[in-house]
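Q: Got a predicted model here, sequence first, then my questions.
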Amino acid sequence: MATEDGESKLLEEPLFILENGEVYRNPTEIKMSQIVMPCHANHCGELSVGQLLKWMDSTACLAAERHAGCSCVTASVDDIHFEHTISVGQVVHIKAKVNRAFTSSMEVGIVVSCEDLFSDHQQCKVCHAFATFVARRTEAGKVQLKQVIPHTQSEQLEYSLAAERRRMRLIHAETITDLLSSSSSQSVSASEQHQDGVPAERTRVESVELVLPPHANHQVSTFGGQIMAWMENVATISASRLCNAHPTLRTIDMFHFRGPSHIGDRLVLKAIVNNAFKKSMEVGVCAEAYQGGEPLRHINSAFMTFEVLDHDKKPRTLPHIRPEPVDGKRRFQEAIARKKIRLDRKYIISCKQTEVPLSVPWEPSNQMYLSYNNVSALKLLSAHVNWVLTSEKNKVSLYTLEENQKLCFKVEMHVNVPAEQVFVLLSDLTRRKEWDGHYEECEVIVQADEDDTIYRVVTPSVRKGGKDQEFIMLASRRRPCDSSEPYMIALRSVTLPTHPPNQDINRGEVLCAGFSIWEESDSLTKISYYNQATPGVLQYISTDIAGLSSRFYSSFSSCSVFLEKNRDSLSSHSPSDL
Ligand code: COA
Ligand code: ADP
């Protein structure tokens, strides 16, 4: 899939050779290559993003249908960030494969690259995307898809991360609505209104399209990619009206198709510039459908960010916008909130794992991304295969891994306690002091939601007479979606304005730590504890790693005693109580 470090140059995945000597290829993988012709391009000779979206959607749909064995529709597409434009004469390569199937829906990963046939043939990454496709209901009801079986390490990782992305997708609309309702309650200040700005109504576009057979599949449903292309068309007209120049589409926010559209529908597309920031603008587009005298059906709303590039490909300063009264002012304010959300997302999710700052400020607006980052970082760490066994005592094993000049360690053991019980006991960090001598104090400071809690933990100094250390940690817990996955409890440091660092105590940082808990049988559970050691943590474990002590063993054997002692203590609680 997409390169993990976000580099533009594409890195090829290592080949995976099957037992019969053949090179493994994902059975759902579909590839499409297209030479960009003038008919696919805008007046500047660049491939229109609408055309690219159509190709991406059809490639992804074919991958989904190959897995499902039946007709599928596009339900949603996650945020897409376009890194490059593509010129006439270049070749576009699109690769799509199903990362994971849930019940009737599937996540399809799409990666787009471009190649210049007349230079060095090197492929440049253009964008990657994750789309959700849903198998069309049959008369018997909802389709139950077969599971995807990952074969390679990267397939396993994408499979695991797909569950985390799905979680974020399904809460996305609700989270955004909550954030926007709090933002629009703030009135637009006079200074923000820019009385000298371009009146927003000048950028308003309304256009209609008749859905004809070439726009639909054999089931007469309009292709999602076609609707996206029409939306991009009106958004581009709207953006051009603000700047009287050619705009370049940079990002499309996550969106979903609320209901189907069919041949014969009239699609009404409306767009307007919601806000212009210094170097970028947000255009909102709404797509509605009707047939005959029926009322309009809301099909989709999308928010696109455009820039205007000068001759050096640098974004130009844009004119201000003067919003229309009422709705315009609300959208102006909401666009500011969405910009902040986009920045949070870019800062927390899209940057290289090695560049994620140690302690990110936690806020309700970035909670969804921090929680995703927390769990996916632990999934990435646990997916490594090159752990080296450093020490072992009575079946408690200590492993180490050096990665990006960081030392990571893992402690592994088995307990005769059901996995669900282990998960419940270990995910309540306030109980950790019952088995971990390092946990002097632990209190809940924010209960963000039922799976995310922020704790303040105090540990003693390793040096005699030294100051204690405190950690402000976000704990994100996840139950497995299926039996091939572990329970997970991910931990990372965050900062909170209510708990600033102070001189009486050292502030320690945890970049990525936590437990994965595997159900081996009804009563036998494997526990792996991971930690990407920061200086604050390393001091507690360095003698163990050097083989000079086995304190890890005493902590984890106390953990085992604690779990066995409490194995029946929570049996009256159902998982939903927690
Ligand atoms: N993002 C991702 N997946 C979503 C989603 C979203 N915003 N909303 C629903 N889903 C998933 C559900 O999680 C569920 O997956 P699962 O079966 O694996 O658990 C699946 O869609 C079906 O959900 P369900 O609750 O049974 O149906 P629904 O009433 O929510 O309908 C769609 C979901 C996608 C089928 C419906 O909104 C639709 O028909 N949209 C139009 C699709 C279309 O025609 N696209 C082409 C262009 S118009
Ligand atoms: P909202 O109106 O709450 O912003 P919608 O889903 O109705 O949400 O619309 C999404 C976006 O589509 C709006 O933010 C706006 O940019 C654009 N839009 C909606 N209605 C119109 C319209 N009548 N004319 C032009 N653009 C519109």
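A: Cool, got the structure. Ligands and ions are numbered 1, 2, ... in the order given.
Q: all contacts plus neighbour counts: C-alpha atoms, from now on.
A: Fine.
Q: Over to residue 25. Which of the three states is it?
A: Three-state call for residue 25 (DSSP: H, G, I helix; E, B strand; the rest coil): coil.
Q: any idea what sits nearest residue 207, other than its immediate chain neighbours?
A: Spatially, and ignoring its direct neighbours in sequence, residue 207 is nearest to residue 269 (5.2 Å; C-alpha to C-alpha, 6 or more residues apart in numbering).
Q: Any part of the lengthiest helix in the chain near ligand 2?
A: Counting residues, the longest helix in the chain under DSSP state H turns out to be helix 153-184. No: judged by C-alpha under 6 Å from any ligand atom, helix 153-184 stays clear of ligand 2, getting no closer than 9.5 Å.
Q: and that helix, what other elements does it pack with?
A: Using 3 or more C-alpha pairs under 8 Å, 6 or more residues apart in numbering; DSSP states H and E, the elements in contact with helix 153-184 are strand 91-101, helix 327-345, helix 367-382.
Q: So what's the gap between that helix and the chain middle?
A: The chain centroid and the centroid of helix 153-184 are separated by 6 Å under C-alpha atoms, centre = their mean, to the nearest Å.
Q: how about low-confidence regions in the stretch 451-578 of the chain?
A: Segments of the stretch 451-578 of the chain classed as low confidence (criterion: pLDDT under 70) are 462, 535-540, 545-549, 570-578.
Q: if I look at residue 509, how far off is residue 247?
A: 43 Å (C-alpha to C-alpha, to the nearest Å).
Q: Next, count neighbours for residue 386.
A: Residues near residue 386, counting by other C-alpha atoms under 10 Å, number 11.
Q: cool, and residue 478?
A: Look at residue 478: counted by other C-alpha under 10 Å, it has 18 neighbours.
Q: how about the nearest residue to residue 157, chain neighbours excluded?
A: Once flanking residues are discounted, residue 157 sits nearest to residue 383: 6.6 Å by C-alpha to C-alpha, 6+ apart.
Q: For that neighbour, grab the count of nearby residues.
A: The burial count for residue 383: 15, using other C-alpha under 10 Å.
Q: and the residue nearest to residue 62 when sequence neighbours are not counted, what is it in contact with?
A: Spatial nearest neighbour of residue 62, chain neighbours left out: residue 30 (6.9 Å); criterion: C-alpha to C-alpha, 6+ apart. Contacts were defined as C-alpha atoms under 8 Å, 6 or more residues apart in numbering; by that measure residue 30 touches 59, 60, 62, 63, 95, 96, 97.
Q: how far away is residue 30 from ligand 2?
A: Note on residue 30: its distance to ligand 2, by C-alpha to the nearest ligand atom, to the nearest Å, is 33 Å.
Q: now residue 156
A: Shown here: residue 156 relative to ligand 2, a distance of 36 Å by C-alpha to the nearest ligand atom.
Q: what about that residue, how many residues close to it?
A: Neighbour tally, residue 156, other C-alpha under 10 Å: 17.
Q: quick one on the thing from earlier: ok, and which of the helices and strands packed on helix 153-184 has the densest surroundings?
A: With neighbours defined as mean count of other C-alpha atoms under 10 Å, those peak in mean count at strand 91-101, which reaches a mean of 25.
Q: Can you give the strand pairings for the helix or strand following it, parallel or anti for each?
A: Next helix or strand after strand 91-101 toward the C-terminus (DSSP states H and E): strand 105-115. Using DSSP bridges, the strands paired with strand 105-115 are strand 91-101 (antiparallel), strand 123-135 (antiparallel).
Q: Could you pull out the strands in the stretch 301-450 of the chain for me?
A: Taking DSSP state E, counting those that start in this stretch to define them, one finds strands in the stretch 301-450 of the chain at 321-322, 360-361, 388-393, 396-403, 406-415, 441-449.
Q: residues contacting the residue nearest to residue 88 when sequence neighbours are not counted?
A: Nearest residue to residue 88, sequence neighbours excluded (C-alpha to C-alpha, 6+ apart): residue 36, at 4.9 Å. Neighbouring residues of residue 36 by C-alpha under 8 Å, 6+ apart: 47, 87, 88, 89, 90, 91, 92.
Q: measure the one residue sitting closest to the centre of the chain to ligand 1 for me?
A: For the chain, the residue nearest the mean C-alpha position is residue 165 (4.9 Å; C-alpha atoms, centre = their mean). Separation of residue 165 from ligand 1 (C-alpha to the nearest ligand atom) stands at 10 Å.
Q: can you tell me how far that residue sits from residue 348?
A: Counting by C-alpha to C-alpha, the gap from residue 165 to residue 348 is 14 Å.
Q: contacts for stretch 317-324?
A: Stretch 317-324 is contacted from outside by 193-201, 242-243, 273-281, 308, 329, 332, using C-alpha under 8 Å, 6+ apart.
Q: end-to-end on it?
A: First-to-last residue span, stretch 317-324, C-alpha to C-alpha: 22 Å.
Q: Any idea which residue of the stretch 401-550 of the chain lies closest to ligand 1?
A: Nearest residue of the stretch 401-550 of the chain to ligand 1, counting by C-alpha to the nearest ligand atom: residue 481, 11.0 Å away.
Q: Nearest residue to that residue in space, please, no chain neighbours.
A: Residue 481's closest residue in space is residue 163 (C-alpha to C-alpha, 6+ apart), at 7.3 Å.
Q: How many residues are close by that neighbour?
A: Neighbours of residue 163 (other C-alpha under 10 Å): 21.
Q: Roughly how far does it sit from ligand 1?
A: In terms of C-alpha to the nearest ligand atom, residue 163 sits 11 Å off from ligand 1.
Q: And residue 362, by the same measure?
A: According to C-alpha to the nearest ligand atom, residue 362 and ligand 1 sit 25 Å apart.
Q: Check the burial of that residue by counting its neighbours.
A: Residues near residue 362, counting by other C-alpha under 10 Å, number 19.
Q: Please report the distance of the residue nearest to residue 88 from residue 46.
A: From residue 36 to residue 46 the distance is 9 Å (C-alpha to C-alpha).
Q: which ones are touching residue 485?
A: 160, 518 are the contacts of residue 485 under C-alpha under 8 Å, 6+ apart.
Q: OK, contacts around the closest residue in space to residue 155 that isn't next to it in sequence?
A: What sits nearest to residue 155 in space, not counting adjacent residues and going by C-alpha to C-alpha, 6+ apart, is residue 99, at 6.9 Å. Shown in contact with residue 99 (C-alpha under 8 Å, 6+ apart): 106, 107, 108, 109, 148, 155, 158, 159, 162.
Q: Let me see the contact set for the third one.
A: I take that to be residue 108. Residues counted as contacts of residue 108 (C-alpha under 8 Å, 6+ apart) are 60, 63, 64, 96, 97, 98, 99, 100, 130, 131, 132, 133.
Q: Quick check: of those, which lies closest to ligand 1?
A: So of the contacts of residue 108, ranked by how close each gets to ligand 1 (C-alpha to the nearest ligand atom), first place is residue 132, at 5.3 Å.
Q: Contact partners for the closest residue to the closest one other than its chain neighbours?
A: Closest residue to residue 132 apart from its sequence neighbours, by C-alpha to C-alpha, 6+ apart: residue 107 at 4.7 Å. Residue 107 sits next to 98, 99, 100, 101, 130, 131, 132, 133, 162, 166 when contact means C-alpha under 8 Å, 6+ apart.
Q: I'm done for today, thanks for sticking with me.
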